[in-house]
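Student: got a structure for you, letters missing:
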């Protein structure tokens, strides 16, 4: 019995050590200046503002793509799907498979489908063969990330739709409302917190994942912020990766590496924490 | 015809004749005839249902599309196309910072900004050439691999025999695409990671489900979820900077970034998954089992190990499978912490390179349409098929065995 308790202690100890070391390593570098300036002198000085901006922009586009899609799919799974139909089983299986696909495969899909197929088609149609859209950029990276975080949204929304009490739904139907009217006026407002939770969790996941954007749009050093959807962008996670493995002068950039990691960690944790708060308030109110 | 009988008697109801007629007409509509019981066709209902179903169907389409488009880029291999490797056009509009090579003593690889002809040319250092198992030193190929001079007239035909070769060196004069080092690397990492993650996570879940008082449970679960919330870049960063040095001082081996460090870091990423699923399964075991065992005089410990654990065994197996699936596909941790050398060795303290890391590391610098590009997509297809199968197995196993076991025996 002692072994099981020891395992828990070991795991929690490792978590604490990780957190503490990252905080110690990074806290000195973090300042308002750090968060709002561009990197300078080969990343040894300056801040990470474009990375924060790029991550935020990417996450916004991703949410715009993923959340409606996810809500509709979750609606289908909870309201319209008949247990025995092949579409219902297929969609459930597809969502679960989607959550298990390695993140790098999404990157490959982004390259093969979004950049080459869709981007190539757009170039042919809109710019007569000029290479504008068939390149890595923030649009394709965000869409790729949207696919990755879709299961997160779906699961969360499903949960909250299930939490809407049946009586409410049945009362609405008994009063003569149609199914769609019931969904629009009763179910969806009731599931609001779940939709919000799902969005926040998706954002947290999307900000942290790097593999899908490795070759679909992220860049290490850009002189300007992305102006249009066909620009590349800097991202916190990608920044950490490149800086820690390909820095010219590792010792000098080490504090910045730690600080960037700390920023990403804080961002992720805050988002997760808020999502958990909303979820527990949802549970308590039912 | 029924209306004759239900017509109200002719009395003074206080309504004008016109109003009475209107209300009678309305009343006629609520009579139960076969027609009135049919569901009314409303266009908005119809369309909303069809649209919602259609959007949901898209998710199935996405999975199929992913497989299709990833596989599509591998097809030139099968057509026996011999592609010429041309200059690498800069895929990315980026330049690394200042020029000059930075050499970090601890790391095996030499990365550096190179302001020579090919922009964004990452100098990767690959491992030993022949199938030596002992040679672990990695020669830093100074001067870099210039991408300009490889118009290999021999053609980069990739044969099936070539794919199971023992050398992975796609960027050289005679490119070799042997997948074996990569596969072995993937297995090494997976085994090391599971050896650490599975026992820790299962025992911890057992503690949380069977032994811990309620207040402790409320504390452990969020703690594990915090671990799950770490982005994999952060775990990789931590492994690269902190864990590698720590383990090197502890064990005293030569190569700082190796399969062991990568495996332990990967275990950190897999533990939350295994823990969560195992804990769920263990709490789902019907309480009759536990109560019967306790009633028969067994201790809490005996109940947990000999009753609850075996009952939850299929679910635990599925949990480990899910953990393995996650480990297989994880890219960032491997990219940062394992040294990225495609060696064929069984030594856990050698650098490795996994399948996913290969894609991640090399895709950015590869030429569209090149054979190397196709092989990378082939690796992607293999990964996808493998994790798909793993997932399907885990699902059917849980649904099949666990459910019938828990419910059938009940």
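Tutor: Yep, that arrived. Computed from a prediction, not measured in an experiment: that's the story for all the values here.

Student: OK, contacts around residue B:264?
Tutor: B:192, B:193, B:196, B:239, B:243, B:247 (Cβ atoms under 8 Å, 6 or more residues apart in numbering or on different chains). Where you see a C-beta, it was placed from the backbone N, CA and C, and this is true even at glycine.

Student: Now the stretch 151-286 of chain A against chain B: closest residue?
Tutor: residue A:208 (2.8 Å; Cβ to the nearest Cβ).

Student: Next, count neighbours for that residue.
Tutor: By the criterion of other Cβ atoms under 10 Å in any protein chain shown, residue A:208 has 23 neighbours.

Student: Identify the residue of the stretch 51-200 of chain A closest to chain B, quick one.
Tutor: Closest to chain B within the stretch 51-200 of chain A is residue A:102: 2.3 Å, counting by Cβ to the nearest Cβ.

Student: wait, that residue sits on residue B:383?
Tutor: Yes - in this structure, residue A:102 is within contact of residue B:383 by Cβ atoms under 8 Å, at 5.6 Å.

Student: overlap in contacts of the two?
Tutor: What both residue A:102 and residue B:383 touch, as defined by Cβ under 8 Å, 6+ apart, is the set B:328, B:329, B:356.

Student: Residue A:18 contacts residue B:238, doesn't it?
Tutor: Yes - between residue A:18 and residue B:238 there is a contact at 5.4 Å, judged by Cβ under 8 Å.

Student: Please say which of these two ends up with more neighbours.
Tutor: residue B:238 (26 against 22).

Student: Report the secondary structure state of the more buried one.
Tutor: helix (DSSP: H, G, I helix; E, B strand; the rest coil).

Student: and the gap between residue A:200 and residue B:314?
Tutor: Relative to residue B:314, residue A:200 is positioned 34 Å away (criterion: Cβ to Cβ, to the nearest Å).

Student: Run through the strands of chain B in chain order.
Tutor: Here chain B has its strands, by DSSP state E, at B:168-169, B:176-177.

Student: actually the stretch 1-150 of chain A, sorry about that
Tutor: Using DSSP state E, counting those that start in this stretch, the strands of the stretch 1-150 of chain A run over residues A:39-40, A:45-46.

Student: Check which helices and strands the last one sits against.
Tutor: In this structure, strand A:45-46 packs against strand A:39-40, with contacts taken as 3 or more Cβ pairs under 8 Å, 6 or more residues apart in numbering or on different chains; DSSP states H and E.

Student: Now chain B against chain A: closest residue?
Tutor: For chain B, Cβ to the nearest Cβ, closest residue to chain A: residue B:329, 2.3 Å.

Student: which residues does that residue contact?
Tutor: Applying Cβ under 8 Å, 6+ apart, the residues near residue B:329 are A:100, A:101, A:102, A:103, A:104, A:105, B:356, B:383, B:387.

Student: Tabulate the residues you listed (TSV), appending distance to residue B:176, neighbour count and pLDDT.
Tutor: Shown next, in TSV, are these (distance: Cβ to Cβ, whole Å; neighbours: other Cβ atoms under 10 Å in any protein chain shown; pLDDT from 0 to 100):
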residue	distance to residue B:176	neighbour count	pLDDT
A:100	32	20	86
A:101	29	24	90
A:102	25	25	91
A:103	28	24	90
A:104	22	29	91
A:105	24	25	92
B:356	20	29	90
B:383	20	24	90
B:387	26	20	87
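
Student: Adding distance to residue A:256, write those residues out as a markdown table.
Tutor: What follows is the contacts of residue B:329, written out as a markdown table (distance: Cβ to Cβ, whole Å):
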| residue | distance to residue A:256 |
| --- | --- |
| A:100 | 35 |
| A:101 | 33 |
| A:102 | 29 |
| A:103 | 25 |
| A:104 | 26 |
| A:105 | 31 |
| B:356 | 27 |
| B:383 | 33 |
| B:387 | 35 |
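
Student: if we can go back for a sec, now the residue of the stretch 51-200 of chain A closest to chain B, nearest residue through space, not along the chain?
Tutor: Nearest in space to residue A:102, with sequence neighbours left out and distances taken as Cβ to Cβ, 6 or more residues apart in numbering or on different chains, is residue B:329 at 2.3 Å.

Student: how close does that neighbour sit to residue B:286?
Tutor: Taken as Cβ to Cβ, the span from residue B:329 to residue B:286 is 34 Å.

Student: What segments of the stretch 301-410 of chain B are helices?
Tutor: B:309-311, B:313-329, B:332-337, B:355-362, B:371-397, B:403-408 (DSSP state H, counting those that start in this stretch).

Student: Quick check: mean pLDDT of the shortest one?
Tutor: Per-residue confidence for helix B:309-311 averages out to 87 on the pLDDT scale.

Student: Check which helices and strands the lengthiest helix in chain B is in contact with.
Tutor: As assigned by DSSP state H, the longest helix anywhere in chain B is helix B:43-72. For helix B:43-72, the elements it packs on are helix A:49-75, helix A:86-100, helix A:103-109, helix A:179-182, helix B:371-397, judged by 3+ Cβ pairs under 8 Å, 6+ apart.

Student: most packed of those helices?
Tutor: helix A:103-109 (a mean of 27; mean count of other Cβ atoms under 10 Å in any protein chain shown).
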